[in-house]
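Peer 1: no sequence for this one, just the structure:
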């Protein structure tokens, strides 16, 4: 089942540092101020930390809701958080998306030239994530 | 009065209750309980002033007012069930019930919370927004202050903030939610930040002050987080609101942060940048301010002075040590070295009038081009005590540049000191887009790097600029060329003395360099120092803007890319206590390509005694150079060489061709001293002008030094070798083969070709250097029916030299000669060797004897000559040294 509407995906590393950001369809933002989605996404990290202690799975499903926007989260074994802001609910699609991106991130980690907890600037990684996003959601 | 009223109300209530049955019957049958005078409105029922419901409510309220919370609580509880038809009355009752329960400290938190919630819902349903808000506030206040449940209070505030329609109230609720989030035991500071930002967006409709306040409180949460959408938003709004509130300093601060770290697209960045320029211009009209761009890559900062630090390059450091040593008397050298080591960490110094260069990489972090005008260093100058003038201390050369979007550029800044003192380079100053005069400071460097930005300026000194004229960029291996070393004085005072140190001493030969026939084996380092570092001839002081040309012979000694480094040490004509001497570096590079390879072998002559045949296998290994041999020059003690074949025609080798040159080497006993000779192959060729012998001497000196380092020669052995070198015959031959290739000339050295001395060593008995003795049974009787007769032959070798080790190869040759016997009873026949018949590399130490047994097999009776042993003998030292030279 495909999802439309706005999508904002962020990989967050240590100390809330964003390692990767991807926006899709931001012109259809439905919040009062379009820039507030980033703040909401950032604030959902509190909910992610609360949920992560309660659940034993990596995929935490929807952790926070604000107006009509939801944040789904995935926490890796290395405590790297994957956050997806979306308006429609589709757990299976989102879970698969997270898993695929997580595999890509692991490959980035295996690169000896990649400095841990630094921004991922590889254009190949960016292309692949966009492809996964397109394939899963659009 | 109130107590009287309460008691009368109570009485009235009890009287009403006395008609309990009628009351209950009415209620049972569903009749309305309200009195006839009660009326209705859209919010439910309005009770008459005299009605029981009203009375009870009055009773409860008055009891509450007089702090009789128990009576109030009971009364509210009883009436809350009565007000089912009136939502507002019921809401009020429930609300007061909850409050009284709290004040009574019943600690029935769940019940109280549900009462407040119910009251709020009833008010909302009846569209009494004001009362609903009040109830909400009381509910949350109870949760916070009584039960310290900030988390629940925060979530309640947040949820109602999201549904509230009034902007100001929305903002207040968000703000309260934020504070409760952070007051929680496990504070949710991110939610706190988010709610404050939300509050700020709703406050801006009514009050910019509160908007700004909320954003400022939220800012520390997001500072340095580098969330692209967040930091740009915050910086922009903080800057904008600060400006609107008249807080220019804050506006500039946040605007500069927005510019320095901006992840928006180029259009947005452009508008941010323009706003930054406008605000900053208003803030500071004429003075400069610290601007956020360009980014300075301070780890690329380098200061270039005319004095060179040798710390980080061991080769330059070694040369500097050498040059100090030759310029210091021998007895003071150790002290001088100690002073130099101590002064290694001295502050760097510049000279008046000489430009200081500062190299730095700068980066434009924005996605738009930025123009920088009048970009230059800004400095602080401390004048020296001697100086009294107030003239300008330094001169700086500004320039204009444009940094393209995201460009990183390496920039070289120039600064010329004009007075003595200390210059502290503090940063860059420039005009940004012809609008804003700003600066960037180097103070972020830290103490380790800041020290290199403090430069002491000392008095006038000479400054030499050395360079080679006609120095080759490529050369054939062995090529010799005359080049000129031009030294020009670009300083303001004359040069009185000049020395040069080089890292490749065998590449450079000055006119008049000495040549010694005998190599010193002791104190080779001191001998090498004379060639590594030398004082250059200066007839007179070298005045400013004058130059001298020093002719130098260059010889390419090894193949590959060679970096020739020269270090110059010079003194001013007038003594300068600040700078007693100066050091200057120069380097040149040459690519040396292969030309010729040699292999030599020496065999004793079979015709003449005390004579050898020297064969030199020559191969032209160059790619496309034809090489012709022009001259052979050699020196030796008692040996002369002459060509075996006619050398009237030139020996010319095309690329990849090879051939062999043969020479006869003879002993001349009557000669005293070293003999230097020439064999001219080409009559027209003039080899006399070439400094072959000094070049060869240096080459042999380096080989000796390497040999001593490799074999770890002890001082005692070196002394013995030195003694030998002075008193015994020199049984070595050193040859230089001089060739030409077109216009080029070159020479290759064959050094230390050794021959066994054929004369006794001084002071020893009349013995040959190597003596041997062959022993076997003279007469053997053998029954040949049992097989061959095996005769063991014992060969005894003796090294008679007291100090030379001999290496020899032993070979048993085939038998073939016939002995003429008078008695032909014994017939000649052959024999053969059994087992090992060749032994190589037999090492005989001095004064040692060794024996070998070799078996001879004979097949029939006869007389046999067993003198069929061949020895090839070498001196061990010469063999090893030869292998390291070429």
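Peer 2: Received, thanks. Fair warning: this is a prediction, and the values are worked out from it, not measured in the lab.

Peer 1: Give me the pLDDT value at whichever residue of the stretch 1-150 of chain B sits closest to chain A.
Peer 2: Using C-beta to the nearest C-beta, the point where the stretch 1-150 of chain B gets nearest to chain A is residue B:150, with a distance of 13.6 Å. In this view, the C-beta of every residue, glycine as well, is placed from N, C-alpha and C. Per-residue confidence (pLDDT) for residue B:150: 91.

Peer 1: Number of residues surrounding residue B:182?
Peer 2: Counted by other C-beta atoms under 10 Å in any protein chain shown, the residues lying close to residue B:182 total 18.

Peer 1: which residue sits closest to residue B:852, ignoring its sequence neighbours?
Peer 2: Leaving out its chain neighbours, the residue that sits closest to residue B:852 by C-beta to C-beta, 6 or more residues apart in numbering or on different chains is residue B:795, at 4.9 Å.

Peer 1: helix/strand/coil for the residue sitting nearest the centre point of chain A?
Peer 2: The structure's chain A has its C-alpha centroid closest to residue A:83; by C-alpha atoms, centre = their mean the separation is 2.8 Å. Taking DSSP: H, G, I helix; E, B strand; the rest coil as the rule, one finds residue A:83 in the strand state.

Peer 1: just checking, it touches residue A:38?
Peer 2: No - checked against C-beta atoms under 8 Å, the pair residue A:83 and residue A:38 is beyond contact range at 10.7 Å.

Peer 1: show me the contacts for the residue nearest to the centre of chain A.
Peer 2: Counting by C-beta atoms under 8 Å, 6 or more residues apart in numbering or on different chains, residue A:83 touches A:9, A:10, A:11, A:12, A:41, A:44, A:45, A:48, A:71, A:72, A:73.

Peer 1: Return the distance of the last one relative to chain B.
Peer 2: Using C-beta to the nearest C-beta, to the nearest Å, one obtains 13 Å as the distance from residue A:73 to chain B.

Peer 1: ok, now the third one?
Peer 2: Computed as C-beta to the nearest C-beta, the residue A:11 to chain B distance reads 12 Å.

Peer 1: what's the next secondary structure element after the one helix or strand that residue maps to?
Peer 2: When secondary structure is defined using DSSP states H and E, the element that contains residue A:11 is strand A:7-12. Stepping forward along the backbone from strand A:7-12, the first helix or strand reached (DSSP H and E) is strand A:18-24.

Peer 1: Those residues of chain B touching chain A, which are they?
Peer 2: Residues of chain B found near chain A (C-beta under 8 Å from any C-beta of the partner chain) are B:162, B:188-191, B:193-195, B:197-198, B:201, B:222, B:225-230, B:233.

Peer 1: If we go by neighbour counts, what in the helix or strand containing residue B:773 is buried?
Peer 2: With the criterion set as DSSP H and E, the secondary-structure element containing residue B:773 is strand B:770-775. Residues residue B:770 are the ones in strand B:770-775 that count as buried (16 or more other C-beta atoms under 10 Å in any protein chain shown).

Peer 1: Is residue B:546 in contact with residue B:487, as I believe?
Peer 2: No - at 9.4 Å, residue B:546 does not count as touching residue B:487 under the criterion of C-beta under 8 Å.

Peer 1: Neighbour count: those two, which is higher?
Peer 2: A count of neighbours by other C-beta under 10 Å puts residue B:487 above the other of residue B:546 and residue B:487, at 24 against 13.
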